[in-house]
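[1] everything below, folded, please.
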Amino acid sequence: MITTKKRVGTHTLYGIDRMLSEKKLPLHHIGESVNGIFCILDDEYRIQYINSAGVEWLRSSQNDIVPNGSIKIDNYLEEQIESPEYLIPGVTSELNSNVNHSLQKVWFPNIMDFKLCMVSKLFCEFIDAQLVTIMPLRDWKYLRERMANLIEEELFAESNLEKYESLTKREKEIIDLIAQGKNSREISDTLFISRHTVEQHRKNINKKLNVNSVAEIINFSHAFSSSV
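    Numbering: from 1, shown residues only. Here you go, the predicted model:
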């Protein structure tokens, strides 16, 4: 996976889709875990849910009302500027992701100006709605890195979903704790299980995910984490 100094978001759209379908967390908690604007749209692209970053995005001196289902997101997006694939050759050549990425100018009423953003969309079958994230690309110097990181993360989630779903609930908890920097002893103390049991779980995780390093395990946690 491509990595950058600063992650674009806490969860991929695939991770959010999975959490919604499994009803593991309230929608509010999921939405607030996204480091950027996250919203859910109906079939006419009207906003049905938006997180606090999104509320701030739509806020202006003339309009301080939280969206109530009548606001269409298309009113704030200019026509797509360019497909990210043209700016980052080869990034999506191996897989055709179900997540649609576009580079667009987005109107921010709170500052009365446009910002260049990566707009990503995924249809969630469980709730029959579109999941959308809007990530401002603030620094042109790292534009390609940021876009590549987001796209690669979604592709990683899509191509490794079957492996992740083969894990038990306990094994998923352990990879999240590994991603938090905890060693086997600390995981043992946190989960109230023996260190030997933790080590056995880690062997099973490595085998199921076909990984050989902590860094590879962390990639799975970043893509599918259920912790907020």
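[2] what secondary structure does K115 sit in?
    strand (DSSP: H, G, I helix; E, B strand; the rest coil).
[3] any idea what it is bridged to?
    Here K115 sits in beta bridges with V106, as judged by DSSP bridges.
[4] which ones are touching it?
    105-106, 108, 136-137 (C-beta atoms under 8 Å, 6 or more residues apart in numbering). In this view, the C-beta of every residue, glycine as well, is placed from N, C-alpha and C.
[5] what's the most distant pair in those?
    Using C-beta to C-beta, the two most remote members of the contacts of K115 are F108 and L137, lying 13.2 Å apart.
[6] for the strand or helix carrying S221, name the packing helices and strands.
    Using DSSP states H and E, S221 maps to helix 214-224. Contact here means 3 or more C-beta pairs under 8 Å, 6 or more residues apart in numbering; DSSP states H and E; on that basis helix 214-224 packs against helix 13-22, helix 143-159, helix 161-165, helix 169-179, helix 195-209.
[7] give me the mean pLDDT for the first one.
    Yep, that's helix 13-22 we're talking about. In this model, helix 13-22 has a mean pLDDT of 82.
[8] how about the following helix or strand past that helix: buried residues?
    Per DSSP H and E, helix 13-22 leads on to helix 27-32 as the next helix or strand towards the C-terminus. Neighbour counts over helix 27-32 (16 or more other C-beta atoms under 10 Å) mark 30-31 as buried.
[9] avg pLDDT for helix 27-32?
    86.
[10] now whichever helix or strand comes after it and helix 13-22, what's the angle there?
    Sequence order places strand 37-41 as the next helix or strand after helix 27-32, per DSSP H and E. Here strand 37-41 points in a direction 50 degrees away from that of helix 13-22 (axes from the mean of the first three to the mean of the last three C-alpha atoms, to 10 degrees).
[11] for strand 37-41, packing partners?
    strand 47-50, helix 52-58, strand 129-136.
[12] if we go to 10 Å?
    helix 13-22, helix 27-32, strand 47-50, helix 52-58, strand 113-124, strand 129-136 (3 or more C-beta pairs under 10 Å, 6 or more residues apart in numbering; DSSP states H and E).
[13] residue ranges in the protein under the pLDDT threshold?
    1-11, 60-69, 79-97, 138-148, 150, 225-228 (pLDDT under 70).
[14] again, only using 80
    In the prediction, the chain carries residues with pLDDT under 80 at positions 1-12, 15, 22-25, 35, 60-70, 79-99, 101, 137-155, 158, 222-228.
[15] domain ranges for it, per the record?
    Domain assignment for the chain by automatic domain parsing gives 13-159, 164-224.
[16] if we can go back for a sec, tabulate the contacts of K115 (TSV), appending neighbour count and distance to L122.
    Conversion of the contacts of K115 to TSV gives the following (neighbours: other C-beta atoms under 10 Å; distance: C-beta to C-beta, whole Å):
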residue	neighbour count	distance to L122
K105	16	21
V106	19	18
F108	19	23
P136	15	19
L137	17	19
